[in-house]
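> sequence isn't available, so here's the structure alone:
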């Protein structure tokens, strides 16, 4: 049976995205001695898994609660200082690209680091 190129692309993309995640998880467990020494299903492994799931669930719930409430407040009401609050909320989203532009400008100028390397 022939597989469409789009399906092959999706599988390759999934493998490309998930393989570093699995490698990172393996290295994390290996670093604490769970993967090789104590075995995958040792009591310490279950404790670590429980703490990880609790932290991930709690952080996700808190982010959804705070983010959703902020979106409702900022979108539904007009209050004094709303533009300042919106700018404060959006600033962390805009800073990383601006920072990367500044870094690449410094690296790629004729006297920059990339000029000396290349």
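Now that the structure is in, tell me what you want to look at. Owing to the predicted nature of the structure, the values given are computational and were not obtained by experimental measurement. Residues are numbered from 1 along each chain as shown.

> three-state assignment of residue 79?
Here residue 79 is recorded as coil under DSSP: H, G, I helix; E, B strand; the rest coil.

> for residue 87, see how far away it is.
14 Å (C-beta to C-beta, to the nearest Å). Every C-beta, even on glycine, is put in place using the N, C-alpha and C of the backbone.

> how about the most centrally placed residue in the chain, secondary structure?
Nearest residue to the geometric centre of the chain (C-alpha atoms, centre = their mean): residue 21, 11.1 Å. With three-state DSSP as the basis, residue 21 sits in helix.

> for the lowest-mean-pLDDT helix or strand in the chain, packing partners?
Sorting the helices and strands of the chain by mean pLDDT, DSSP states H and E puts helix 113-117 at the bottom, at a mean of 72. Identification of packing neighbours for helix 113-117 by 3 or more C-beta pairs under 8 Å, 6 or more residues apart in numbering; DSSP states H and E yields helix 82-108.

> state the mean pLDDT of the helix it packs on.
Regarding helix 82-108, the rounded mean pLDDT is 82.

> can you check stretch 5-22 too?
82.

> ok, and for it, which residues are buried?
When burial is assessed from 16 or more other C-beta atoms under 10 Å, stretch 5-22 yields no buried residues.

> which element is residue 7 on?
helix 5-31 (DSSP states H and E).

> pLDDT score for residue 27?
pLDDT at residue 27 comes out at 75.

> and for it, the neighbour number?
Residue 27 has 10 neighbouring residues, counting by other C-beta atoms under 10 Å.

> before we move on, back to that, report the buried residues of the least confident helix or strand of the chain.
Across helix 113-117, burial judged by 16+ other C-beta under 10 Å covers no residue at all.
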